[in-house]
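**Q** A structural model of the following input is requested.
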Amino acid sequence: MEYIRVTKDNLEKEHICCALSNNKDVQVSSKKAWMADRFDEGLVFLKSVERGKCFIEYIPAENAWVPIEADGYMYIDCLWVSGSFKGHGYSTDLLNACIEDSKEKGKKGLCILAAAKKKPFLADPKFLKYKGFTVCDEADNGIQLWYLPFGKDADKPGFRECAKHPHIEEKGYVLYYTSQCPFNAKYVPVLEQTAKENDIQFHAVHIESSEKAQNAPTPSTNYALLHDGEYITNEQMNDKKFLKLVNG
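**A** Residues are numbered from 1 along each chain as shown. Have a look, this model is predicted:
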């Protein structure tokens with residue numbers, strides 16, 4: 001497999017792999033706009049030359065859009081290999097490329113979000129364990145921070161205090177989300193409209209800076225749905241899933 005690095009220079013013409021193919025789709029445009037602003041902060045997006053879901057996205061942890069303390073580490077936003085690309089070692093290829101690049105940049109190691117059991121839109125813990133990652137912190141909602149140190153003396157990363165005990169005072173359904181995940185550009189408005197039509201108390205909080213993301217009350221900022229102050233899920237929802245959740 002050959003891989004290509006997406007940069008400012010080729011961003012507009014390259015497919016970004018997230019199950020979306022049309023550059024005019026609001027999901028694609030919102031994701032690419034988010035990426036364009038991150039390249040100067042060290043964002044790397046490496047993908048297969050073939051169209052499909054086979055890529056890795058990572059950024060220096062100091063600039064990551066998650067509430068972690070991981071100075072000197074590289075944070076993996078997403079490592080996604082699925083469909084016909086699975087089972088060929090491409091995940092290993094991409095991870096190895098990230099490791100090599102991070103070492104060349106003098107990083108202490110890698111870190112990434114996962115959970116004890118696989119959760120949607122989080123890394124596969126079995127794969128992480130196989131590759132030498134271990135858990136270095138865990139929030140009350142079961143989301144874990146895994147890390148792969150490059151040296152025995154490397155400090156352990158951890159969640160910021162604001163994210164260790166996910167809770168807010170606001171009642172009703174509250175959704176924290178970023179433009180890092182392209183699906184949000186389509187499905188957050190769907191939830192807003194569904195809530196309005198069904199008289200459901202709902203408030204969407206669009207996190208628009210790394211500073212706000214790093215101080216969020218949840219370890220997962222791409223998408224985190226809470227109800228009456230308590231965390232529920234990080235899985236993106238359409239109208240049917242949301243109504244099923246609300247109606248029990």
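
**Q** quick check: Tyr58 vs Val174, distance?
**A** Distance of Tyr58 to Val174, given as Cβ to Cβ, to the nearest Å: 29 Å. For the C-beta atoms, the positions are set from N, CA and C on the backbone; glycine is no exception.

**Q** the more surrounded of these two?
**A** Neighbour comparison, Tyr58 and Val174: the larger count goes to Tyr58, with 27 against 22 (by other Cβ atoms under 10 Å).

**Q** just confirm that one is within a helix.
**A** No. When classified by DSSP: H, G, I helix; E, B strand; the rest coil, Tyr58 is found to be strand rather than part of a helix.

**Q** could you double-check that it sits in contact with Met74?
**A** Yes. Taking contacts as Cβ atoms under 8 Å, Tyr58 lies within contact range of Met74: 5.4 Å.

**Q** name the residues contacting each of the two.
**A** Jointly contacting Tyr58 and Met74 under the rule Cβ atoms under 8 Å, 6 or more residues apart in numbering are 98, 102, 110.

**Q** which helices and strands does the one helix or strand in the chain whose mean pLDDT sits lowest pack with?
**A** In the chain, no helix or strand scores lower on mean pLDDT, DSSP states H and E than helix 26-38, which sits at a mean of 93. Helix 26-38 sits against helix 184-197, with contacts defined as 3 or more Cβ pairs under 8 Å, 6 or more residues apart in numbering; DSSP states H and E.

**Q** and for Lys164, the neighbour number?
**A** Applying other Cβ under 10 Å, we find 16 residues neighbouring Lys164.

**Q** who's in contact with it?
**A** 137, 139-140, 219.

**Q** going through these, which ones are buried?
**A** In these, burial by neighbour count holds for 137, 139, 219, counting by 16 or more other Cβ atoms under 10 Å.

**Q** pull the contacting residues for the last one.
**A** Shown here is Pro219, whose contacts under the criterion Cβ under 8 Å, 6+ apart are 66-68, 113, 139, 141, 143, 145, 159, 163-164, 166.

**Q** confidence score at it?
**A** Per-residue confidence (pLDDT) for Pro219: 96.

**Q** that one is in what secondary structure piece?
**A** Taking DSSP states H and E as the definition, Pro219 sits outside all helices and strands.
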